[in-house]
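**Student:** whatever this is, show me its structure:
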Amino acid sequence: MAQRIRSWVRGVVRRARSDGGMTTSEYAVGTIAACAFAAVLYKVVTSAPVMTALQSLLKDALDAKF
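**Tutor:** The predicted structure is shown next:
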C-alpha cells in the first residue's frame with residue numbers, strides 16, 4: 001500500500017513539473033489575436049458615437065454642482 005502511494009505521489013510530482021507551456025506557434029497566434037482585438041477596440045473607442053458619448057459624460061462630470 002505504501003509503495004502504491006509513493007508511486008502515485010511521484011507521478012503527480014512528475015506531471016506537475018512537466019513543461020506544459022505554449023509553443024512558439026501558439027504564442028504567435030495569441031499575439032495576432034491580441035493585436036486584432038486591440039485594433040477593433042481602438043476603432044470602436046475612436047468612432048464618432050462613442051467619442052460624442054465620452055465627451056458628453058466628461059462635460060456632465062465637469063459641470064456637476066457640489
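
**Student:** quick one, what contacts residue 55?
**Tutor:** For residue 55, the contact set (CB atoms under 8 Å, 6 or more residues apart in numbering) is empty. C-beta coordinates here come from the backbone N, C-alpha and C atoms, glycine included.

**Student:** confidence score at it?
**Tutor:** pLDDT for residue 55: 92.

**Student:** what do you get for the one 3 residues further on?
**Tutor:** In the predicted model, residue 58 carries a pLDDT score of 92.

**Student:** cool, and residue 27?
**Tutor:** At residue 27, pLDDT is 87.

**Student:** pull the number of nearby residues for it.
**Tutor:** 11 (other CB atoms under 10 Å).

**Student:** now the helices for the protein?
**Tutor:** 2-17, 24-45, 48-62 (DSSP state H).

**Student:** need the least confident one among these, by mean pLDDT.
**Tutor:** When I compare the helices of the chain, helix 2-17 is least confident, with a mean of 78.

**Student:** neighbouring contacts of that one?
**Tutor:** Contacts for helix 2-17 (CB under 8 Å, 6+ apart): none.

**Student:** ok, and what's touching stretch 45-52?
**Tutor:** residue 44.
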